[in-house]
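Novice: Build me a model:
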Amino acid sequence: MTLTHLDIHNHGCPDQQVSGFADLWLVRWLKAADNIDDALTQYYENPNKYSHGLFPSEDSPQISTQETWTSAPLPPPSYHEVFSIQNNLPVQTHTNKVIEAANVRAQDEQQMQNMLQHTQRVCMIYNSDIEPEHDTQKTSCSCEVHQYMYKKMKRLKVQEMWSKAVMYPGERAYHDCFSVTVFSGNPYSTVISPYGLNPWEFQRPNPTYYSKAVQQTIQLNTTLNAKAQAAVNDMEPKYNIWETDEPDAPAADDAQPAAASEPPKASKLAGLKKALSMRASEGRSILRTEKSNLRHRDLCAEILSEEAGRWPDAGWREIVSTYQAKVGMTEKIAELRAKRPLQYLHLLRAGYFEPIPVSWANRVSNPLKFRVDAQAGWRGITPAWRGYEDTAEERLYWVLNHRAGNTGTRLKPDFISALDLARARMESAVEPPPDYFSADDACHVLHTSEGYSRQVMPAPFRAVDMPEDATDNTMILLDVSGSMDFQPMRPTYDKYLITGWEKSTQPKNKELAKSIIRRFTDAMTNHDNNAIGYQLVTFASTASYIGYINHYNFPSTWDSIKVGGGTRVMTGWQKAKELHFQRHHESATYHPVYGWQAGPRTPMLRLLLLLDGEATDMDEFELELLGLSWVHVTIFLIGVDGCPHHHRHANELQRISEVNPHVSFVDAQGNTPERFVTHELLKRHLGYDVSMSEFEALERRVSAQPPGYTE
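Specialist: Coordinates of the predicted model:
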């Protein structure tokens, strides 16, 4: 979507000018005719004769006179002024069928996902894509499986509403509810059950049948995605609907084969029939063309209305345009609007072309947290939605495939490929460099097991972002979900089916995180000559600001941290952003929907993010980072030794870091060489290749005497 397109709509044909355009239209017809009858005759011969140029175009001189894009911005309000009026700012109330369906779906979406996970645990099902099945012939009971099935049945109206909102013309909705599967039209009903074929045995997934079910599902996803994408492409207009002139109906002579070689017909009646047939064919062709033109005019009107509703003024449009440029989608979106307007409208309604609303981060469920389940009929947004886990992952890969400079299609690895790649990465682990040995490492102090675990060596450091500047702001974002305090466990697999879990002899993840943060803050204190320390934010299901952490208050600060809950990184990210703009509010502005917008002089935020697994909203976080140039995130991923899940997540982070220069990551598994990890983190956080001698100087002990200052 370009600025010109937005200006044309918002300044070209507002409602108050409709009557003026109608008068202009009549004047043009009358000027070209001798009388009213002649004008009517010309109109019926070519209704579009004087349509071109009636409405303002991209080249209209009035566009360039608008004040929207060239006027100097007002000075940004102070941080305290913004927050004092923040709750009174007008919030955009635009809605459409996707927004309305999303609001309804979000009411119990997380409850359904929690209920599914609980039922899977009760049934000892460890693969998230396997739906629980009942092991009795009773028609009803109060077990967890039936309660989950009843809840699914009650949501059919919600599913129907969502399907109608996101389906493309000609598509049919379906579901997999147990009582009405025969006539549901579910294309996945032919996929073999992961439980096998014997209904009289206890219902537990079978490794062989599950592998077959996954393979069949992957093949069906590929087939249906290609078919759906081709069908939608065929429905797109065959001409540019933004050009005023519409194609005329094909001439009757063009639609009929040449008759020169046919013998002449002597019968006058036959000639009359032929003439009538040609006239009828011509009429049908004209009717089809008029219907097509009408649909395309309606499509234009819907797009213009949606754009005006979503981005009602110059401030909104500037933020959207800046976002598209930073993500690298400006040209692709403009091309989609011109050549694929049907798909453009669907994605526009779902908010694909604008930043993520700031209020979504703290919601239990939002339109980027919706589960995508092809077998159950829960759809995504794009035509090729099958195979994604949720709507955030679908949008992330759509953006990656439509950025400027992208060569080829970046496909999400299917389940089998992702697991095979994770196993291959796990096999590439080697012994860590012996120069980094430290008796102070958590694995040695806690005596969990002898020696270090084999590690996957990070790629050699390559500077792709600007090195640290004196004005940059370093902050730490720490995952404190319940798994940080669990005994580390890794899954046991039979082919692709998880059959159980086994313990790993390594420190708890919170112990490793504690050691890494201590080493990192000590090194950064020496690097920056900063005795005050660095701001620490924790997140689980919600976020908390802990305060500044440094060498002197480290024990007491760490003891104040509470562990437990889910893993929602977006809540922590929003808290970190708020803290950053509290310090640098003079160079930024605040938008009621999109939140803080950094200015050209806003200092860089350098964020160290520590995770012990995949956050539930990690794709949403990665998607937001694509549109930000004022933040660099260094991720430390803590993993269980020999766990394919850890390496699958590491592969995903590697793919993201390859396309986003503002994201880098380091991972470690099992008994970890902490000095090696800290050195690699410092390289990426500071943005230059820290030598071994410099690293040894940075990690020297901070003075035991606290600084002479008071916070």
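Novice: what about D313, distance to L348?
Specialist: 17 Å (Cβ to Cβ, to the nearest Å). From N, CA and C alone the C-beta is placed, and that goes for glycine too.
Novice: More neighbours: which of those two?
Specialist: The neighbour count for D313 versus L348, taken as other Cβ atoms under 10 Å, is higher for L348 (23 against 11).
Novice: give me every residue that touches that one.
Specialist: Contact analysis of L348 by Cβ atoms under 8 Å, 6 or more residues apart in numbering lists 1, 303, 306-307, 310.
Novice: Can you say which of those are buried?
Specialist: By neighbour count, with 16 or more other Cβ atoms under 10 Å, these hold 1, 303, 306-307, 310 as buried.
Novice: Export the residues you listed as a markdown table, with columns for secondary structure, pLDDT and distance to W596.
Specialist: Converted to a markdown table, the buried ones among the contacts of L348 look like this (DSSP: H, G, I helix; E, B strand; the rest coil; pLDDT from 0 to 100; distance: Cβ to Cβ, whole Å):
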| residue | secondary structure | pLDDT | distance to W596 |
| --- | --- | --- | --- |
| M1 | coil | 45 | 23 |
| I303 | helix | 96 | 29 |
| E306 | helix | 97 | 26 |
| E307 | helix | 96 | 24 |
| R310 | helix | 96 | 20 |
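Novice: How far does the host helix or strand of R425 sit from its chain's centre?
Specialist: R425 is part of helix 415-427 when elements are defined by DSSP states H and E. Here the centre of helix 415-427 is set off from its chain's centre by 23 Å, with Cα atoms, centre = their mean, to the nearest Å.
Novice: Return the set of buried residues in it.
Specialist: Neighbour-count burial for helix 415-427 [16+ other Cβ under 10 Å]: 415, 418-419, 421-422, 425-426.
Novice: okay, W596: pLDDT?
Specialist: If you check W596, the pLDDT there is 95.
Novice: Any idea how many residues pack against G451?
Specialist: 12.
Novice: That one reaches N671, doesn't it?
Specialist: Yes: contact criterion Cβ atoms under 8 Å: G451 and N671 qualify, at 6.6 Å.
Novice: hang on, S556 is in a helix, isn't it?
Specialist: Yes: assessed with DSSP: H, G, I helix; E, B strand; the rest coil, S556 lies in a helix.
Novice: Run a quick neighbour tally on it.
Specialist: 9.
Novice: residue contacts, it?
Specialist: By Cβ under 8 Å, 6+ apart, S556 has no neighbours at all.
Novice: Now whichever helix or strand comes after the helix holding R425: average pLDDT?
Specialist: Following helix 415-427 in sequence order, the next helix or strand is helix 442-445 (DSSP H and E). Average pLDDT, helix 442-445: 94.
Novice: Off-centre distance for whichever helix or strand comes after helix 442-445?
Specialist: Reading on from helix 442-445 to the C-terminus, the next helix or strand found by DSSP H and E is strand 473-479. Remark: strand 473-479 is offset 23 Å from the chain centroid, using Cα atoms, centre = their mean.
Novice: before we move on, the earlier item: and the buried ones among the contacts of L348, which is closest to Y209?
Specialist: E306 (45.6 Å; Cβ to Cβ).
Novice: Enumerate every residue touching that closest one.
Specialist: Contacts of E306 (Cβ under 8 Å, 6+ apart): 96, 345, 348-349.
Novice: Drop anything exposed from these.
Specialist: 96, 345, 348-349.
Novice: which ones among those residues are found in helices?
Specialist: Counted as lying in helices by DSSP state H, out of the buried ones among the contacts of E306, are 345, 348-349.
Novice: Columns distance to T499 and pLDDT on top of these, output as TSV?
Specialist: Listed next are these as TSV, based on distance: Cβ to Cβ, whole Å; pLDDT from 0 to 100:
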residue	distance to T499	pLDDT
L345	46	97
L348	45	98
R349	43	98
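Novice: Go through the residues you listed and say which is closest to K151.
Specialist: R349 (27.9 Å).
Novice: what residues are up against that closest one?
Specialist: R349 neighbours (Cβ under 8 Å, 6+ apart): 96-99, 306.
Novice: With distance to V569 added, can I get the residues you listed in CSV?
Specialist: Formatted as CSV, the contacts of R349 follow (distance: Cβ to Cβ, whole Å):
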residue, distance to V569
N96, 29
K97, 30
V98, 25
I99, 25
E306, 30
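Novice: Give the phi and psi angles for R606, as a check.
Specialist: phi -110, psi 110 (degrees, to the nearest 10).
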